[in-house]
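> Fold the following, please.
(one chain, ligands or ions: 1)
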Amino acid sequence: MTVSKIKEINDLHNDELLAEPTELVESARCLEKYIERHGEQNLSFYALRGLAILTIERIEQGRPTTKFTAQNILAAAEISTPEGKAAGTLLSQAWNKLIDNILPKRKKGIQDFARNLGLNCYPWPVKDKSDGGLPSKYYLIDRPLPESDIQTIEPVVGDQIAYIRELTPELAWWAKPLIRNGYRLEGWRRWLFLTYGVGFILLCGILIMFSLGLLWSEPTWSLRGLSSSIIFTGLFAYASWMLLRPFFRLLEWRITMAPTALIALSEFNVQMEIVRDSQFNVSPGTIRLVRYASTCPQCKAKIEVEEGGKEFANRLVGRCRENPGEHIYSFDRFTCKGRTLR
Ligand SMILES: [Zn+2]
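Model prediction:
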């Protein structure tokens with residue numbers, strides 16, 4: 001299919017979707033709320049929020065067009081353009097970052113968020129490039145929500161909260177070729193995964209035996225030699241445990257906090273889980289990295305999923321950022337729901 005043909009279909013699709021302002025205003029409100037709860041403090045998110053606000057305003061005023069220029073958006077986002085820089089250039093840079101880096105990681109989260117609000121569509125920003133001297137136009141479209149791959153999509157009841165898959169985290173450079181679209185536990189990948197665990201245990205055993213052997217062969221026991229051996233063995237055992245723990249927890253719980261070595265330095269609070277293809281499928285599943293999050297119903301701050309610690313041992317819990325000691329919620333990744341624990 002030629003580029004012009006694809007563009008023609010896209011344009012048709014966009015116009016068709018723009019034809020329902022009542023649905024578009026719901027989507028725009030959904031986007032504004034999503035950014036308020038899950039957005040970041042950067043120009044790309046400010047601009048996207050500006051676009052959502054403008055769209056809501058225009059539709060509420062009953063005006064026909066919901067396409068905006070860079071100047072409109074920057075004004076709505078309350079961003080002043082530095083001297084000597086055109087509004088179009090400033091927004092274009094933020095927009096490219098949004099389309100290339102941010103939205104691919106956020107797509108699932110926006111879909112989950114829209115689904116939890118009971119919508120059939122989710123909002124998506126689009127840009128019409130400048131044409132024949134006319135400035136570029138930015139606008140929101142409605143995209144139909146795909147079928148949910150979360151097991152139950154029942155609405156929240158009582159004191160329940162709903163989690164979304166806020167982010168598909170960026171991987172560490174070395175893990176990218178291995179886990180780009182999830183790590184499917186099949187074939188050689190399955191064996192590599194098991195070899196990591198079993199091989200590591202064997203390696204630890206051999207090293208411990210080796211160091212014991214060295215210690216034994218010492219003609220005399222000196223306090224210095226003994227204490228440095230104990231410190232070395234202790235550090236080694238701790239490092240090994242830290243590397244092996246996610247492996248065993250993943251096998252046992254099917255979800256655990258992701259090891260820092262697997263994810264990019266900019267990412268935090270990331271979970272690693274094994275997902276089956278479907279509820280009744282016996283396939284071994286796929287390991288994927290994800291960041292679950294929700295909103296605290298008490299103080300409207302973000303809830304992040306963390307280890308439960310001593311109090312909630314052997315489980316992951318949702319902890320409110322504003323009141324981490326008091327606002328704690330359970331976390332069920334099967335239903336993506338939680339309840340107040342404290
Ligand atoms: Zn809270």
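
> Show me where the stretch 101-250 of the chain dips below the pLDDT cut-off.
Applying pLDDT under 70 to the stretch 101-250 of the chain flags residues 150-154, 218-219, 221.

> again, only this time at 80
Judged by pLDDT under 80, the stretch 101-250 of the chain has its weakly predicted residues at 130-133, 148-158, 178-182, 185-186, 189-190, 197, 208, 211-226, 229, 233.

> Count the neighbours of Gly109 for me.
20 (other CB atoms under 10 Å). (Each C-beta comes from the backbone N, C-alpha and C, glycine too.)

> ok, now Ser148?
Other residues close to Ser148 by other CB under 10 Å number 12.

> any idea whether it is helix, strand or coil?
Classification of Ser148 using DSSP: H, G, I helix; E, B strand; the rest coil returns coil.

> give me phi/psi at it?
Main-chain torsions, Ser148, degrees, to the nearest 10: phi -70, psi 140.

> ok, for it, nearest residue in space, not its chain neighbours?
In space, and not counting its chain neighbours, Ser148 is closest to Arg115: 6.0 Å by CB to CB, 6 or more residues apart in numbering.

> isn't there a helix covering that neighbour?
Yes. Counting by three-state DSSP, Arg115 is found in a helix.

> I'd assumed Asp149 was in contact with it.
No. Arg115 is beyond contact range of Asp149, at 10.8 Å (criterion: CB atoms under 8 Å).

> So which of those two has more stuff around it?
Neighbours were counted for Arg115 and for Asp149 using other CB under 10 Å; Arg115 has more, 21 against 13.

> Would you mind measuring from that one to Met272?
Arg115 sits 23 Å away from Met272, going by CB to CB, to the nearest Å.

> chain center to the strand or helix carrying Ile201: distance?
For Ile201, the element it lies in under DSSP states H and E is helix 187-217. In terms of CA atoms, centre = their mean, to the nearest Å, the gap separating the centre of helix 187-217 from the centre of its chain is 33 Å.

> Report the contact partners of the spatially most central residue of the chain.
Among the residues of the chain, Leu167 comes closest to the average C-alpha position under CA atoms, centre = their mean, at 1.2 Å. Residues near Leu167 by CB atoms under 8 Å, 6 or more residues apart in numbering: Lys105, Arg106, Gly109, Glu267, Val270, Val290, Arg291, Ala293.

> Name all residues that make contact with the last one.
Under the criterion of CB under 8 Å, 6+ apart, the neighbours of Ala293 are His38, Gly109, Tyr163, Ile164, Glu166, Leu167, Lys302, Ile303, Glu304, Val305.

> closest to the ion among those?
Minimum distance to the ion across those is 7.3 Å, recorded for Ile303 (CB to the ion).

> which residues touch the strand or helix carrying the closest one?
Ile303 belongs to strand 302-307 when assigned by DSSP H and E. With contact meaning CB under 8 Å, 6+ apart, strand 302-307 is reached by 37-38, 161, 163, 257, 269, 271, 291-296, 316-321, 327, 329, 331, 338.

> in the stretch 101-250 of the chain, what residue is nearest the ion?
For the stretch 101-250 of the chain, CB to the ion, closest residue to the ion: Ile161, 10.4 Å.

> wait, isn't that residue in contact with Lys337?
Yes. Under the criterion of CB under 8 Å, Ile161 makes contact with Lys337 at 6.9 Å.

> hang on, the earlier thing: distance to Gln61 for the contacts of Ala293 - can I get that in a markdown table?
Formatted as a markdown table, the contacts of Ala293 follow (distance: CB to CB, whole Å):
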| residue | distance to Gln61 |
| --- | --- |
| His38 | 28 |
| Gly109 | 30 |
| Tyr163 | 36 |
| Ile164 | 31 |
| Glu166 | 32 |
| Leu167 | 34 |
| Lys302 | 32 |
| Ile303 | 35 |
| Glu304 | 38 |
| Val305 | 40 |
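
> Drop anything exposed from these.
With burial judged by 16 or more other CB atoms under 10 Å, the buried subset of the contacts of Ala293 is His38, Gly109, Tyr163, Ile164, Glu166, Leu167, Lys302, Ile303, Glu304, Val305.

> could you say which helix or strand contains the residue of the stretch 1-150 of the chain found nearest the ion?
Relative to the ion, the nearest point of the stretch 1-150 of the chain is Arg37 (12.1 Å; CB to the ion). In this structure, Arg37 is located in helix 21-38 according to DSSP H and E.

> What's the first helix or strand after that helix?
Following helix 21-38 toward the C-terminus (DSSP H and E): helix 43-60.
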